[in-house]
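> Sharing a sequence plus its predicted fold:
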There are 2 protein chains.
Amino acid sequence: MSTYKAINLVKRPEGNIGPDLFEVVEKTVPEPAEGQFLVKQTYMSLDPAMMGWMSADTDSYIPRVELGDVMRSSGIGEVVASRHPDFSVGDQVIGMFGWQEMALTDGTGVNKVDKDLPPEMALSVFALPGLTATQGLYGYGHPKSGETLVVSGAAGSVGSIVGQLAKADGLRVIGVVGSDEKADWIVNDLGFDGAVNYKTDDLGAKLDELAPDGIDVYFENTGGPIQDYVFERMNAHGRIVVCGMIADYTSSNPRPGPNWMRIIKKRLSIQGFTMPDHRHKTKELQAKLTPYVQKGQIKYRTHVLEGLESAMSGLSLFLTGGNKGKLMVKL
Amino acid sequence: MSTYKAINLVKRPEGNIGPDLFEVVEKTVPEPAEGQFLVKQTYMSLDPAMMGWMSADTDSYIPRVELGDVMRSSGIGEVVASRHPDFSVGDQVIGMFGWQEMALTDGTGVNKVDKDLPPEMALSVFALPGLTATQGLYGYGHPKSGETLVVSGAAGSVGSIVGQLAKADGLRVIGVVGSDEKADWIVNDLGFDGAVNYKTDDLGAKLDELAPDGIDVYFENTGGPIQDYVFERMNAHGRIVVCGMIADYTSSNPRPGPNWMRIIKKRLSIQGFTMPDHRHKTKELQAKLTPYVQKGQIKYRTHVLEGLESAMSGLSLFLTGGNKGKLMVKL
């Protein structure tokens, strides 16, 4: 009887996000019952939202992971045994398989993807990051050719796609990043019009230089001091899409937001969103994204960690900005 | 040759809003040219937005009043001479007539109202306050029966109508006010479900008591500390309509807003608006409002100052909250 490894959450984060929050366990590979199938994961996705799922805060938009449960995550894998009518051995599937080498599922929330699609691309573009970018940008950002868009976390999995979509649509695109290497990547490889390094640049002066006509769309992935500088430069009828606040995930004393006077003066709209509300739109969002990918307008890079256990220390890269590209674990 | 009085803006406010900012001048009553008509104002409306029009800030949504120009305001009056095909002597009209006893106009932005409508009601309900309340509540607030709405500046000209509309639509309605007299008025005369006195109540505890199921719609007229307390209690998919920030109009150091994390967790939408963008919708908004008025669901009260010159000191009532009801000047 063969076994596989899984990782349970056993402690809630208090500032730190490291291996001490988790426990590796060995489990027996199960047999699918009627209507079930077994997935052997090839890659697990690590995403900033996972920080929220671990937290003690029950006020979040998605149920937290209970202590003792397998850590929640999305991933991609191959069906290795099936008693489900819609899934066959050999299918490549994406779903919320968790931090484990094998996953038994009844197919809820599981989507098949083309077998020929490289799994890294599937996770980087057609899974959560691409869907999030597409929903946020088109559902709330309403980008128009000739406008200026600023995206924070611009070298991240969502931000890099947001910027490339907007660029393909004819906007002027400025990305906010935390290193010169990332600035170089988004400008020289992805074709952004400019980059602001929030750690080293004079934020106001740099934004004035890069966005001389002000800012029409702000796609917020990070929070932090850049927020005030962008907010002050929002144009009339500007749209702000609030997707992530990574700078505040582990803060016990989150920094205040900007005064609301400008919301009136500039008739701004600010919209927060999370993807669980839009799960039913997966196919529609993938269809929106596909032509950009086919035209070669969406580049991505992956930051691949090796082996299940690497996930436990990998998450902390989101807090330090240490990941370069879509973070994932190869199993 | 007869004359009339007008008041010019001669100085920009720096904290204070008083008579020293203005100058009373005497003018000769003009003759309408072809396509013009002359209005004798009966009431001038005083509105919080006027504070913005006077300010030095050129970044506002509507051009500022230039020094030496007649102070801008809306008002109601009677046509006393006309060479305009659409307006006849005796018509009752609403328009941006300014702080003056007589106004010459070509009819741009001037609307006729029923001669039998009391001018106080026309200014309180069917002019800026009612249109603002209607646009904000229905255009952005999307109220649903059974939800909870909080409105700040609840005894003000806009807030009192917002609350009554929402109440008529079956919402639980909590008003934020600055005096017990106003609290009494909105609860006992207007039928609000509760009132918070932001000057004397324990804001968090009072909101918890009055809005035990959280808050779905926040109509913001004031800014100030209440904002944080309401924001923290917004429910998932809550809508915030930002209409006024009177607490910050004359502040040189506006207080910060709330951290944006909750915007994501609760998928909030925040929308700022100002009525100049919606001027073309006047008839549509009045039509939306009319059935509520006909059913007696919209009560109003007026705070009437006497004589043109009273406007100069009257504006400061907005800063102290000293006005009780729609502020206007009887000429």
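Sure, I can see it. Numbers count the residues shown, from 1 in each chain, chains lettered A, B, ... in the order given.

> measure stretch A:214-224 end to end?
Using CA to CA, to the nearest Å, the end-to-end distance of stretch A:214-224 comes to 20 Å.

> what do you get for stretch A:210-221?
19 Å.

> Quick one: distance of that stretch to the chain centre.
Remark: stretch A:210-221 is offset 20 Å from the chain centroid, using CA atoms, centre = their mean, to the nearest Å.

> Over to stretch A:10-27?
That offset, for stretch A:10-27, works out to 21 Å (CA atoms, centre = their mean).

> Give me the contact list for it.
A:3-9, A:51, A:54-56, A:67-68, A:71, A:99-100, A:102, A:250, A:252, A:308-309, A:312-313, A:315-316, A:318-319 (CB atoms under 8 Å, 6 or more residues apart in numbering or on different chains). Quick note: C-beta positions are derived from backbone N, CA and C, even for glycine.

> Next, the buried residues of that stretch.
For stretch A:10-27, the neighbour count (16 or more other CB atoms under 10 Å in any protein chain shown) marks A:13, A:17, A:19, A:21-23 as buried.

> Report the rounded mean pLDDT for stretch A:199-215.
Stretch A:199-215 carries an average pLDDT of 97.

> Give the buried residues for stretch A:33-48.
A:36-48.

> gap between the two ends of it?
34 Å.

> what's the answer for stretch A:184-194, then?
Stretch A:184-194 has an end-to-end distance of 9 Å (CA to CA).

> Low-confidence bits of chain A, can you list those?
A:1, A:58-61, A:250 (pLDDT under 70).

> Tell me how many other residues crowd the closest residue to residue A:83 other than its chain neighbours.
Closest residue in space to residue A:83, ignoring its immediate chain neighbours: residue A:32 at 4.7 Å, by CB to CB, 6 or more residues apart in numbering or on different chains. A count of nearby residues for residue A:32, using other CB atoms under 10 Å in any protein chain shown, gives 19.

> residues in contact with residue A:246?
A:48, A:51, A:153, A:221-223, A:318-319.

> show me where the stretch 51-200 of chain A has strands.
Listed in chain order, the strands of the stretch 51-200 of chain A (DSSP state E, counting those that start in this stretch) span residues A:75-82, A:92-95, A:102-105, A:111-113, A:148-152, A:172-177, A:194-197.

> Repeat that for the stretch 201-331 of chain A.
Using DSSP E, counting those that start in this stretch, strands in the stretch 201-331 of chain A cover A:215-220, A:234-242, A:269-272, A:302-306, A:326-330.

> Would you mind listing the buried residues in the longest one?
If you call a residue buried by 16+ other CB under 10 Å, then strand A:234-242 has these buried ones: A:234-235, A:238-242.

> out of these, which one sits closest to residue A:159?
Among those, residue A:241 lies closest to residue A:159 (CB to CB), at 11.2 Å.

> give me the number of residues near residue A:85?
10.

> Contacts only, for the most centrally placed residue in chain A.
In chain A, the C-alpha nearest the mean C-alpha coordinate belongs to residue A:129, at 4.2 Å (CA atoms, centre = their mean). By CB under 8 Å, 6+ apart, the contact list for residue A:129 reads A:47, A:123, A:157-158, A:161, A:326.

> likewise residue A:273?
Per CB under 8 Å, 6+ apart, neighbours of residue A:273: A:135-136, A:139-140, A:241-243, B:264, B:267.

> circling back: so which of the strands of the stretch 201-331 of chain A comes closest to residue A:144?
Nearest of the strands of the stretch 201-331 of chain A (CB to CB): strand A:215-220, 7.4 Å.

> the inter-axis angle of the closest one versus strand A:148-152?
Interaxial angle, strand A:215-220 versus strand A:148-152 (axes from the mean of the first three to the mean of the last three CA atoms, to 10 degrees): 20 degrees.

> Report all helices and strands that strand A:215-220 contacts.
strand A:148-152, helix A:157-168, helix A:226-231, strand A:234-242 (3 or more CB pairs under 8 Å, 6 or more residues apart in numbering or on different chains; DSSP states H and E).

> With respect to chain B, which of the ones you listed lies nearest?
Chain B lies closest, by CB to the nearest CB, to one member of the helices and strands packed on strand A:215-220: strand A:234-242, at 4.6 Å.

> what about the closest one, distance to the chain center?
Remark: strand A:234-242 is offset 21 Å from the chain centroid, using CA atoms, centre = their mean.

> Just name whatever secondary elements that strand is in contact with.
Secondary-structure packing of strand A:234-242 (3+ CB pairs under 8 Å, 6+ apart): strand A:215-220, strand A:269-272.

> okay, these, which one's buried deepest?
Looking across the helices and strands packed on strand A:234-242 with neighbours counted as mean count of other CB atoms under 10 Å in any protein chain shown, the highest average goes to strand A:215-220: a mean of 26.

> Just the C-alpha atoms of it, please, in PDB.
Output in PDB follows, covering the C-alpha atoms of strand A:215-220 (Å, rounded to 0.1, in the frame of the first residue of the first chain):
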ATOM      1  CA  ILE A 215      -3.500  58.500 -13.500                       C
ATOM      2  CA  ASP A 216      -6.900  57.000 -14.700                       C
ATOM      3  CA  VAL A 217      -6.700  53.500 -13.400                       C
ATOM      4  CA  TYR A 218      -4.900  52.200 -10.300                       C
ATOM      5  CA  PHE A 219      -4.700  48.500  -9.800                       C
ATOM      6  CA  GLU A 220      -3.700  48.000  -6.200                       C
END
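
> one step back: dump the contacts of residue A:246 into JSON lines; add distance to chain B as well.
Listed next are the contacts of residue A:246 as JSON lines, based on distance: CB to the nearest CB, whole Å:
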{"residue": "A:48", "distance to chain B": "11"}
{"residue": "A:51", "distance to chain B": "12"}
{"residue": "A:153", "distance to chain B": "13"}
{"residue": "A:221", "distance to chain B": "10"}
{"residue": "A:222", "distance to chain B": "10"}
{"residue": "A:223", "distance to chain B": "6"}
{"residue": "A:318", "distance to chain B": "15"}
{"residue": "A:319", "distance to chain B": "15"}
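
> neighbour-wise, which of the residues you listed leads?
Among the contacts of residue A:246, the one with the most neighbours (other CB under 10 Å) is residue A:153, at 30 neighbours.

> now that residue, nearest residue through space, not along the chain?
Leaving aside its chain neighbours, residue A:153 sits nearest to residue A:221 (3.2 Å; criterion: CB to CB, 6+ apart).

> Roughly how far does residue A:212 sit from chain B?
Applying CB to the nearest CB, to the nearest Å, the value for residue A:212 to chain B is 16 Å.
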